[in-house]
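**Q** I need the structure of the sequence given here:
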Amino acid sequence: MNILVVIAHPNTDSLCHAMAQSAISALTARGHEVVIENLYLSGFSPALTLDERRSYYSPSFESVAVRDQIDRLVSAEAMVLVFPTWWFSFPATLKGWFDRVWAPGIAYDHATDFGPIKPRLENLRKTLAVTSLGSPWWVDRLVLRQPVKRVLKTALLGTCAPNCRFEMLSLYKAESLTQPQVQLFCSRIERVLSKWL
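**A** Numbering: from 1, shown residues only. Just a heads-up that it's a prediction; the model follows:
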């Protein structure tokens, strides 16, 4: 499969980069074609431009500035997102990638009556989200009810790629983990991806 790995962490020595490397290694070892979208290293600007926003409801979205990112998304048969959860949300650069790249005419079409949008990412069949959180599991799951997972599963993939199978792996209390605990989690990533054909 053609698999897009999106990394959203500014520190290349971070836990997220280690998790991303585990995912990349597992996928390449199985012969998948892996395309890496490292948002911080590439200098991706998260801010939706004025021209992009003005074109949101026009016949054609102003996609010139993000054409390369769009091409990589549209070509992907599967996707792995690796990012930290900050304030129970996405890092700004990843949120901006959704704002600018998952655009009308690309990830979805507007309904003529401004009703439910129509999906366009029919090629995307599998997505794995891998994230780290400083909080314990119960805060994310019981208090806040997994806001990041709900947005990814329902708002993004549910509307733009409804046939995409979604999984999420969350690593809690990330600032206080031992190396064996990190390795155990990376092994979980590899096991999930080993099932991707």
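**Q** in stretch 93-108, what counts as buried?
**A** 93-94, 96-108 (16 or more other C-beta atoms under 10 Å). For the C-beta atoms, the positions are set from N, CA and C on the backbone; glycine is no exception.
**Q** what's the most distant pair in these?
**A** T93 and G105 (22.6 Å; C-beta to C-beta).
**Q** quick one on the thing from earlier: select from the buried residues of stretch 93-108 every entry located in helices.
**A** The helices, defined by DSSP state H, take in 93-94, 96-101 from these.
**Q** what residue of the chain is the furthest out?
**A** D113 (29.1 Å; C-alpha atoms, centre = their mean).
**Q** and it, which of the three is it?
**A** coil (DSSP: H, G, I helix; E, B strand; the rest coil).
**Q** all the helices of the chain, residue numbers only.
**A** Using DSSP H, helices in the chain cover 15-29, 50-54, 67-75, 92-101, 137-138, 147-150, 158-160, 179-194.
**Q** which one, of those, ends up nearest to P84?
**A** Nearest to P84, of those and by C-beta to C-beta, is helix 15-29 at 5.6 Å.
**Q** first vs last residue of stretch 52-61, how far apart are they?
**A** End-to-end distance of stretch 52-61 (C-alpha to C-alpha, to the nearest Å): 7 Å.
**Q** quick one: contacts of that stretch?
**A** Contact with stretch 52-61 is made by 62-63, 65-66, 100, 103-106, 110, as judged by C-beta atoms under 8 Å, 6 or more residues apart in numbering.
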